[in-house]
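1. Would you be able to build a 3D model of this:
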Amino acid sequence: MTSTAPADVRPDPPGPEQAADLARFGYHQELHRSLGRYASFAAGFSFISVLTTVFQFFAFGYAFGGPVFFWTWPVVMAGQVLVAACFAELAARYPISGAIYQWSSRLSNPTFGWFAGWIMVIGQIVVVAAAALALQMVMPPLWSGFQLVGGDPSPTSPSGAANAAVLGVILLVLTTLVNVVDNRVMSVVNRIGVTAEIIGACLIVVLLLTHSRRSPGITFHTGSGTGGLLGALLVGSFTAAYVMIGFDSAGEMSEETHNPRRTAPRTILTALGAAGLLGGLIVLGGILAAPSLTDGRLGTDGLSYVLTSSLGDGVGRVLLADVVVAIAVATLAIQTAACRMLFSMARDGRLPFARRLARVNPRTGMPSAPAVVVGVLATALLLLDFASPDAFLAIGTTCIVMLYLAYAMVTGPLLLRRLRGGFPAGGTDEVGAPLFSLGRWGIPVNALALLYGLLMTVNLAWPRAAVYDPTGGHWYFRWFTLLFLTATVAVGAAYRAFRRRTPVSAPVPEAAVQEATA
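-> Model prediction:
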């Protein structure tokens, strides 16, 4: 694997003008730089969206792990903090949209970086679809009228899966419109939604813990988990793994953030820390406050059942309404991150229809075409839910694997760069303070982050029949993650082979892509 020279990293900008800073990477300031620290934090926190993801996957984690699945939470969080610390260093040194693609390309070579970006953006599109499906977990319990298809709201039933797709498509239409309208509108919606989510999450934690029916010692019980304690923990970890992704979104929005070298590293870590803490407490509170741990409802209806049965119908519905807001904002934020990845790769002329995808509306500061592409492709994935309820889980776990693999395609080259002594540790941010750095802890933290990411990727992608094809007869869902990943890489390789025989459709900044050295 060849390395690009570290000359493209300018860790010590001469002043506060971020447009001049961006120009040194070979890019012009086209996106509107309007996001402050809280908006940057909101980008990462809303992608993680602890209410969306915990409500969506709590039932799954409990069904397979029992109460002991709670302990997978601190383990996954510790692993992701290691990854986030590496990303915080990179965000300070490469404040560019398309973070994963840009970081991997500059740490390794353009070809490897392209595949990292390709896998990441496809994974993000799958996450958009998965997040939109989460509405099914809260809207029918909130009001039965939201069950537009059939009568069974369970996402594992045919009617529930079909209804999830219908609600998801409606949400994607709305988020696509917001992603086209204006950067400031998107930021305002994001900030309001994140504030409502944080308040709602805190209220849920307090109410669940004050309505506890059992002691925390119950979390050492495996319940009716599968495959013994180890199997319960490995499968139960899917919930935490699904929740704690997307903290890199603050880096994705760097070109729209004031003082990104200073702001993005902080918000990457604070978004993950806040979401991890709140999510862990919600999981614990749900287990302690559930009316019953053995009647099967906690493994099918999840936290919606706990809220409405333990806190009363009125309070429970109010909190569920807050979760609906969180899901909508999460879908918006994830779609925005995917748009920035498409924009960044297209700007380098590295995608089909690059000129159109890289075009930024000068009035709104938004790349409109990527928003439409992401919305259409995510909608197409939602249609899988009409084929089988098992698609719900297949889509959810596939997106996690894609993002974990893309993350490893950054932490791996970063570790090699450290070992070769080519990673710049010094420099100052926009206000003259030292850039975020792991210092002498860089190599051990980076090595553990890479090891954790690879092990979790294998765990998530392992084709367990009991997990992916519980009813039998759908072998393609059991192997869906591996098949989807293989298809993604194959399509990417085919496109690159075709591209070598045709001219690129957009100018490629010399500092960004050096194909001759790949």
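2. Looks like Val374 contacts Ala129 (just checking).
-> No. Taking contact to mean C-beta atoms under 8 Å, the distance of 9.8 Å between Val374 and Ala129 leaves them out of contact. Every residue, glycine included, has its C-beta placed from N, CA and C.
3. Low-confidence regions, the chain specifically.
-> Across the chain, the ranges flagged by pLDDT under 70 are 1-17, 223-227, 502-518.
4. top helix in it by residue count?
-> In the chain, assigned by DSSP state H, the helix with the most residues is helix 313-347.
5. After that one, which helix or strand is next?
-> Downstream of helix 313-347, the next assigned helix or strand under DSSP states H and E is helix 354-357.
6. Tell me which helix or strand comes right after that following helix, heading toward the C-terminus.
-> Scanning the chain past helix 354-357 towards its C-terminal end, the next helix or strand to appear is helix 368-382 (assignment: DSSP H and E).
7. tell me which residues of the helix or strand following that following helix are tucked away?
-> On the C-terminal side of helix 368-382, the nearest following helix or strand under DSSP H and E is helix 384-387. Residues of helix 384-387 classed as buried under the neighbour-count rule (16 or more other C-beta atoms under 10 Å) are 384-385.
8. Which is the succeeding secondary structure element to helix 384-387?
-> Sequence order places helix 391-419 as the next helix or strand after helix 384-387, per DSSP H and E.
9. Thr457 contacts Leu403, correct?
-> No. Here Thr457 does not reach Leu403: they are 9.5 Å apart, not a contact under C-beta under 8 Å.
10. Mind giving me the packing neighbours of the helix or strand hosting Leu455?
-> Remark: Leu455 resides in helix 442-461, with elements defined by DSSP H and E. Secondary-structure packing of helix 442-461 (3 or more C-beta pairs under 8 Å, 6 or more residues apart in numbering; DSSP states H and E): helix 72-93, helix 228-243, helix 391-419, helix 480-500.
11. Which of those helices sits closest to Thr52?
-> Between Thr52 and the helices and strands packed on helix 442-461, the shortest separation by C-beta to C-beta is 8.7 Å, and it involves helix 228-243.
12. now the closest one, how far from the chain's geometric center?
-> For helix 228-243, the separation from the chain centroid amounts to 18 Å (computed by C-alpha atoms, centre = their mean, to the nearest Å).
13. Going by neighbour count, list what's buried in that helix.
-> Buried residues in helix 228-243, defined by neighbour count with 16+ other C-beta under 10 Å: 231-243.
14. got it, and stretch 270-288?
-> Using 16+ other C-beta under 10 Å as the burial criterion, the residues of stretch 270-288 that qualify are 270-272, 274-276, 278-288.
15. swap in stretch 139-159?
-> Of the residues in stretch 139-159, those buried by neighbour count under the rule 16+ other C-beta under 10 Å are 139-142, 146-147, 149, 152-156, 158-159.
16. Columns secondary structure and distance to Arg350 on top of these, output as CSV?
-> Below are the buried residues of stretch 139-159 laid out as CSV (DSSP: H, G, I helix; E, B strand; the rest coil; distance: C-beta to C-beta, whole Å):
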residue, secondary structure, distance to Arg350
Met139, helix, 39
Pro140, helix, 42
Pro141, helix, 44
Leu142, helix, 43
Phe146, helix, 41
Gln147, coil, 43
Val149, coil, 40
Asp152, coil, 45
Pro153, coil, 43
Ser154, coil, 42
Pro155, coil, 37
Thr156, coil, 39
Pro158, helix, 41
Ser159, helix, 42
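17. would you turn those residues into a markdown table with distance to Thr53?
-> Below are the buried residues of stretch 139-159 laid out as a markdown table (distance: C-beta to C-beta, whole Å):
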| residue | distance to Thr53 |
| --- | --- |
| Met139 | 16 |
| Pro140 | 19 |
| Pro141 | 17 |
| Leu142 | 18 |
| Phe146 | 20 |
| Gln147 | 22 |
| Val149 | 24 |
| Asp152 | 23 |
| Pro153 | 19 |
| Ser154 | 19 |
| Pro155 | 14 |
| Thr156 | 18 |
| Pro158 | 24 |
| Ser159 | 24 |
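18. what's the closest of those residues to Gly421?
-> Using C-beta to C-beta, Pro155 is the member of the buried residues of stretch 139-159 that sits closest to Gly421, with 50.3 Å.
19. Pick out the most distant pair among the buried residues of stretch 139-159.
-> Using C-beta to C-beta, the pair of the buried residues of stretch 139-159 lying farthest apart is Leu142 and Pro158, separated by 21.4 Å.
20. Throw the buried residues of helix 228-243 into CSV and include distance to Arg106, thanks.
-> Formatted as CSV, the entries for the buried residues of helix 228-243 read as follows, by distance: C-beta to C-beta, whole Å:
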residue, distance to Arg106
Gly231, 40
Ala232, 41
Leu233, 37
Leu234, 34
Val235, 36
Gly236, 37
Ser237, 31
Phe238, 32
Thr239, 34
Ala240, 30
Ala241, 27
Tyr242, 29
Val243, 29
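21. Of these, which is the nearest to Ser388?
-> Of the buried residues of helix 228-243, the one sitting nearest to Ser388 (C-beta to C-beta) turns out to be Phe238, at 18.8 Å.
22. Now for that closest one: which residues touch it?
-> Listed by C-beta atoms under 8 Å, 6 or more residues apart in numbering, the contact set of Phe238 reads 57, 60-61, 64, 396-397, 400, 460.
23. Among the residues you listed, which one lies nearest to Arg33?
-> Using C-beta to C-beta as the measure, the one of those that approaches Arg33 most closely is Ile400, at 31.4 Å.
24. Surely that closest one and Thr239 touch.
-> No. At 10.2 Å, Ile400 and Thr239 do not qualify as touching, with contact defined as C-beta under 8 Å.
25. Need the phi and psi values for the most centrally placed residue in the chain.
-> Among the residues of the chain, Gly246 comes closest to the average C-alpha position under C-alpha atoms, centre = their mean, at 3.1 Å. Dihedral angles phi and psi of Gly246 (degrees, to the nearest 10) take the values phi 100, psi 0.
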